[in-house]
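Enquirer: no sequence on this one, just coordinates:
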C-alpha cells in the first residue's frame, strides 16, 4: 500500500451541491449562549427563608439566578478501566468497569443584597445542620453553643432534581439546543471569594456542584425510582413493591383454608374405638385382690365398691 494522496474536502448539502466554506464556518457554536436553571429542594428553601432571611429563594432563582451565572461549563465524563494482561503474552487490554462524572463548576455574579450568595450558604448549611432540628434526628442544638456539633441531613432532602444547563444558538426556535439534566445535584464547595480595597470589580462567587449523573436531552423529569410515564417497560419502585406485596398476600379462599386447618378439630370416635375405650376402662378398674386368699380377680364398681366374681 502506497502513501495516501491528500484529497480536498468539499462538504456538500443533501442534494450533493457544494457548501460554501463561509457558510460552514459561519454556523459554529458560540460559548456565550447558554442558560443555567435550578431550584432548591423544599426543605432547603424553608431553611434559607428561616435562617438566612432570603425571601422567595426559588422565585429569585427562576427569575434571575440563570442570568447571574457568569461562567459555566458543559459537563464531562470518563470511563474508568482496569488493565488486564492477556495470559502474560505481552498484550494488555483495558476493560470498562464504571463511568465517572466530573464535578460542575459555576460562577455567579453577586447582587448587592447577596441573595444568591446567601442561597448557596443556606444550601450547604442545611446539609450539615441536622443537629439543629429538634426531633428524632437532632437535639435542637444552638449553633452558638460551645458543644455544637454537626449532623448531616438525609440526601433526599438536599439533593436537587431540577438543575439544567441549556446550550443554544441564535436560531434556538429551530431546535438548535442541548439540555443537560443533572441528577441529585448539590453544592459541594463554595470557593473563597476575594475582596480588596483596590480597583472595584463585580463580586463573583464560584460554586462546585456534585451530582450522580447527567442526562442529555431528557424526555420528561426525574421521579422517584421510575422512568418517564411513556416508558412501559420500567415500573416505579412503589408499583413493583405493591405488586410484590400483592403476590405475597394470600387470597381469601387460601386464608380460609389456612384458618380451618389451624383450628383444632373435634375428635371423631368410631364405634370400634368406643369398644376399645370401654375395654380400657374395664382394665383400669380390674385388679388382682392380693389381700384375699387365692388372689381372685376383683372389679370395682363405679361408686368405688368392690365387685367380686
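Expert: On my side now, so go ahead. Given the structure is predicted, the values throughout are model-derived calculations rather than measurements.
Enquirer: Can you give the domain ranges for the chain?
Expert: Here the domain assignment for the chain is 21-83+93-218, 223-251, 271-308, based on automatic domain parsing.
Enquirer: which residues touch residue 115?
Expert: Residues touching residue 115, when contacts are defined by C-beta atoms under 8 Å, 6 or more residues apart in numbering, comprise 54, 57, 60. All C-beta spots, glycine's among them, are computed from the backbone N, C-alpha and C.
Enquirer: Tell me the one of these nearest residue 199?
Expert: Within the contacts of residue 115, the smallest distance to residue 199 is 28.7 Å, found for residue 60 (C-beta to C-beta).
Enquirer: for stretch 40-49, what is the average pLDDT?
Expert: This predicted structure assigns stretch 40-49 an average pLDDT of 94.
Enquirer: any residues touching that stretch, and which ones?
Expert: The list of residues contacting stretch 40-49 from outside it, by C-beta under 8 Å, 6+ apart, reads 39, 54-58, 61, 118-119, 122-123, 125-126, 129, 153, 157-160.
Enquirer: cool, stretch 163-178 as well?
Expert: Applying C-beta under 8 Å, 6+ apart, the contact partners of stretch 163-178 are 29-30, 33-38, 72, 74-75, 104, 179-182, 185, 209, 211, 216-217.
Enquirer: Tell me the buried residues in it?
Expert: 163-168, 177 (16 or more other C-beta atoms under 10 Å).
Enquirer: so of the residues you listed, which ones are in helices?
Expert: By the criterion of DSSP state H, membership of the buried residues of stretch 163-178 in helices covers no residue at all.
Enquirer: Can you list which of these are found in strands?
Expert: Residues from these lying in strands, with DSSP state E as the criterion: 163-168, 177.
Enquirer: Make CSV out of these and add distance to residue 84.
Expert: As requested, these are arranged in CSV below (distance: C-beta to C-beta, whole Å):
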residue, distance to residue 84
163, 37
164, 39
165, 36
166, 41
167, 38
168, 43
177, 41
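Enquirer: follow-up on the earlier one: buried only: go through the contacts of stretch 163-178 for me.
Expert: Going by neighbour count (16+ other C-beta under 10 Å), the contacts of stretch 163-178 have 34-36, 38, 72, 75, 104, 179-182, 185, 209, 211 buried.
Enquirer: Turn those residues into CSV, columns for distance to residue 201 and secondary structure.
Expert: Compiled in CSV, those are given as follows (distance: C-beta to C-beta, whole Å; DSSP: H, G, I helix; E, B strand; the rest coil):
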residue, distance to residue 201, secondary structure
34, 23, strand
35, 24, strand
36, 21, strand
38, 26, coil
72, 20, coil
75, 28, coil
104, 24, strand
179, 32, strand
180, 30, strand
181, 33, strand
182, 29, strand
185, 29, strand
209, 24, strand
211, 30, coil
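Enquirer: Out of those, flag the one nearest to residue 197.
Expert: Within those, proximity to residue 197 (C-beta to C-beta) peaks at residue 72, which comes in at 29.8 Å.
Enquirer: looking at it, residue 76 is touching residue 102, isn't it?
Expert: Yes. Using C-beta atoms under 8 Å, residue 76 is in contact with residue 102, at 4.7 Å.
Enquirer: Just the ones in strands from the contacts of residue 115, please.
Expert: Residues from the contacts of residue 115 lying in strands, with DSSP E as the criterion: none.
Enquirer: Take the residues you listed and write them to CSV, including distance to residue 114.
Expert: Supplementary listing: those in CSV, determined by distance: C-beta to C-beta, whole Å:
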residue, distance to residue 114
54, 9
57, 12
60, 11
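Enquirer: Filter these down to the buried ones, PyMOL style.
Expert: Command for PyMOL, covering only those of the contacts of residue 115 found buried under the criterion 16+ other C-beta under 10 Å:
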select buried, resi 54+57+60
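Enquirer: quick one: which of the contacts of residue 115 is nearest residue 68?
Expert: The closest of the contacts of residue 115 to residue 68 turns out to be residue 60 (C-beta to C-beta; 9.4 Å).
Enquirer: For the closest one, give me its contacts.
Expert: When contacts are counted by C-beta under 8 Å, 6+ apart, residue 60 touches 54, 115-116, 119.
Enquirer: quick one: the strands in the stretch 101-250 of the chain?
Expert: Assigned by DSSP state E, counting those that start in this stretch, the stretch 101-250 of the chain shows strands spanning 104-109, 134-135, 138-139, 163-168, 177-183, 186-190, 204-210, 213-216.
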